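[1] sequence-free structure coming up:
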């Protein structure tokens with residue numbers, strides 16, 4: 001909304017498909033095969049130094065999400081990024097690239113295609129990618145070794161010193177989750 005209200009180019013990148021992989025995954029979680037693979041997951045997690053260090057420092061990820069005491073700097077930081085990357089790496093190692101990981105693989109892949117299209121349309125320009133923290137590691141890894149791209153870490157632009165007044169559209173969205181003008 002900020003970009004649209006200022007006549008800036010905005011490229012929606014979120015993408016979702018209506019496949020039934022989530023329903024299949026939910027049903028699969030009730031099977032003996034899943035329980036055996038979960039044991040494998042637990043052993044790999046226990047041996048994963050990045051995951052163990054993270055959980056010793058911050059606790060179980062479900063508690064981190066629930067309390068959300070860490071704020072945007074934490075969820076945009078490298079520790080969280082590395083942890084999330086390891087979670088998905090283990091998931092693919094244990095469950096493969098089938099329906100258990102299909103939403104992760106296809107969604108991030110399609111979103112990266114949309115990001116690439118926006119980059120191609122705007123050579124040499126600054127681009128801000130706004131995404132949820134579960135996607136950040138994927139995009140960072142896909143973009144970090146491209147010589148034509150310079151990734152700017154969130155902490156490099158903090159603190160934000162600009163005074164920002166919410167316009168009506170953004171204020172309404174934050175209050176009701178619906179913009180005044182679409």
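    All right, it came through fine. The structure displayed is predicted, hence computed values, not measured ones.
[2] CA only for contacts and neighbour counts going forward, please
    Will do.
[3] The spatially most central residue of the chain sits in which helix or strand?
    For the chain, the residue nearest the mean C-alpha position is residue 135 (2.0 Å; Cα atoms, centre = their mean). Residue 135 is part of helix 133-143, with elements assigned from DSSP states H and E.
[4] who does that helix touch, helix- and strand-wise?
    For helix 133-143, the packing partners by 3 or more Cα pairs under 8 Å, 6 or more residues apart in numbering; DSSP states H and E come out as helix 78-95, helix 102-121.
[5] make it 6 Å
    Applying 3 or more Cα pairs under 6 Å, 6 or more residues apart in numbering; DSSP states H and E, one finds that helix 133-143 contacts no other helix or strand.
[6] So for it, mean pLDDT?
    Here helix 133-143 scores 93 as its mean pLDDT.
[7] in it, what's buried?
    With burial defined by 16 or more other Cα atoms under 10 Å, the residues of helix 133-143 counted as buried are 133-139, 143.
[8] any idea which of those residues is closest to residue 175?
    Distances from the buried residues of helix 133-143 to residue 175 were compared by Cα to Cα; the smallest belongs to residue 133, at 22.1 Å.
[9] could you list every residue that touches the closest one?
    Contacts for residue 133 were tallied using Cα atoms under 6 Å, 6 or more residues apart in numbering; they are residue 75.
[10] residues making contact with stretch 95-108?
    Contacts of stretch 95-108 with the rest of the structure, by Cα under 6 Å, 6+ apart, involve 21, 25.
[11] Would you quantify the distance from residue 142 to residue 171?
    Computed with Cα to Cα, to the nearest Å, the distance linking residue 142 and residue 171 is 34 Å.
[12] follow-up on the earlier one: can you add distance to residue 13 and give the buried residues of helix 133-143 back as CSV?
    Formatted as CSV, the entries for those read as follows, by distance: Cα to Cα, whole Å:
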residue, distance to residue 13
133, 14
134, 14
135, 11
136, 13
137, 16
138, 14
139, 12
143, 15
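[13] residue with max distance from the center of this protein?
    Outermost residue of the chain with respect to the C-alpha centroid, by Cα atoms, centre = their mean, is residue 32; its distance is 30.3 Å.
[14] Tell me how far residue 167 lies from residue 143.
    When distance is defined by Cα to Cα, residue 167 is 32 Å away from residue 143.
[15] same check, this time on residue 3
    Per Cα to Cα, residue 3 is found 23 Å from residue 143.
[16] what about residue 75, distance to residue 125?
    Here the distance between residue 75 and residue 125 works out to 26 Å (Cα to Cα).
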